[in-house]
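[1] Task: produce atomic coordinates for the following.
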Amino acid sequence: MAGWWRALPRAALRYPWPTNVLLYSALFSAGDAVQQRLRGGPADWRQTRRVATVAVAFHGNFNYVWLRLLERALPGRAPRTVLAKVLCDQALGGPVAISAFYAGMSILQGEDDIFLDLKQKFWNTYKTGLMYWPFVQLVNFSLVPVHWRTAYTGLCGFLWATFLCFSQQSGDGTLKSAFAFLHVKEANAAERPPEK
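    Numbering: from 1, shown residues only. Below you'll find the model as predicted:
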């Protein structure tokens, strides 16, 4: 195991695109598995496979290219430059990523209207993302080396994917719906008699 951890930085430097995309996709998919576990039902590996497909086919690649493009267009770590990158990311990158997730999942689930989830949940999800992603990207653009930025986004995306997958499955794109679900689940667990 220790050898794997030592090989990872070399792989990120030598093969930055596939290393970052695979790390991002694994973390994003794990977010779906955690969301399913929190919901308490049986594991739906087909759902996790669909999330992994969207992550590999679009999200990981998009983030890799997008973060490199931002760095090329706005090089450096000066405070004004970092804030410009965060603003561009939230104004352009965020809406594209959210739209691709909802539409991609609907396509893979064989939905008749692939834009229904997107139409119903986009604005709530985007507003929720504005409470999280600007802070994540502020750290990313200020402190993280360019060759690790997609992997870092994937690490932070693990939490986001947990929320996003819950929202896609049964939420409305707001944190309120996720917290309400967790609160009800906690209350139900407290009401159950202890198992003997």
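[2] Quick one: classify residue 154 as helix, strand or coil.
    helix (DSSP: H, G, I helix; E, B strand; the rest coil).
[3] can you count the residues close to it?
    28 (other CB atoms under 10 Å). Bear in mind the C-beta positions are built from the backbone N, C-alpha and C, glycine included.
[4] That one and residue 24: what is the separation?
    Going from residue 154 to residue 24 by CB to CB, to the nearest Å gives 3 Å.
[5] Common neighbours of these two, please.
    Overlap of the contact sets of residue 154 and residue 24 (by CB atoms under 8 Å, 6 or more residues apart in numbering) consists of 60, 63.
[6] Just give me how far stretch 151-161 sits from the chain centre.
    How far stretch 151-161 lies from its chain's middle: 5 Å, per CA atoms, centre = their mean, to the nearest Å.
[7] so where do the helices sit in this structure?
    Taking DSSP state H, the helices of the chain run over residues 2-14, 16-39, 45-54, 60-73, 79-88, 94-108, 116-129, 133-143, 149-169, 175-191.
[8] helices and strands around the third one, which ones?
    Applying 3 or more CB pairs under 8 Å, 6 or more residues apart in numbering; DSSP states H and E, we find helix 45-54 packed against helix 16-39, helix 94-108, helix 149-169.
[9] 7 Å instead, please
    Counting by 3 or more CB pairs under 7 Å, 6 or more residues apart in numbering; DSSP states H and E, the packing neighbours recorded for helix 45-54 are helix 16-39, helix 94-108.
[10] And for the fourth one?
    In terms of contacts (3+ CB pairs under 7 Å, 6+ apart), helix 60-73 is packed against helix 16-39, helix 94-108, helix 149-169.
[11] That helix - what's its average pLDDT?
    Within the predicted structure, the mean pLDDT of helix 60-73 is 92.
[12] Then the first one?
    Per-residue confidence for helix 2-14 averages out to 68 on the pLDDT scale.
[13] ok now do residue 70, which residues does it touch?
    By CB atoms under 7 Å, 6 or more residues apart in numbering, the residues touching residue 70 are 85, 88, 89.
[14] so what's the last one up against?
    Think residue 89. With contact set as CB under 7 Å, 6+ apart, residue 89 has these partners: 70, 137.
[15] and it, how far is that from residue 149?
    Using CB to CB, residue 89 is found at 11 Å from residue 149.
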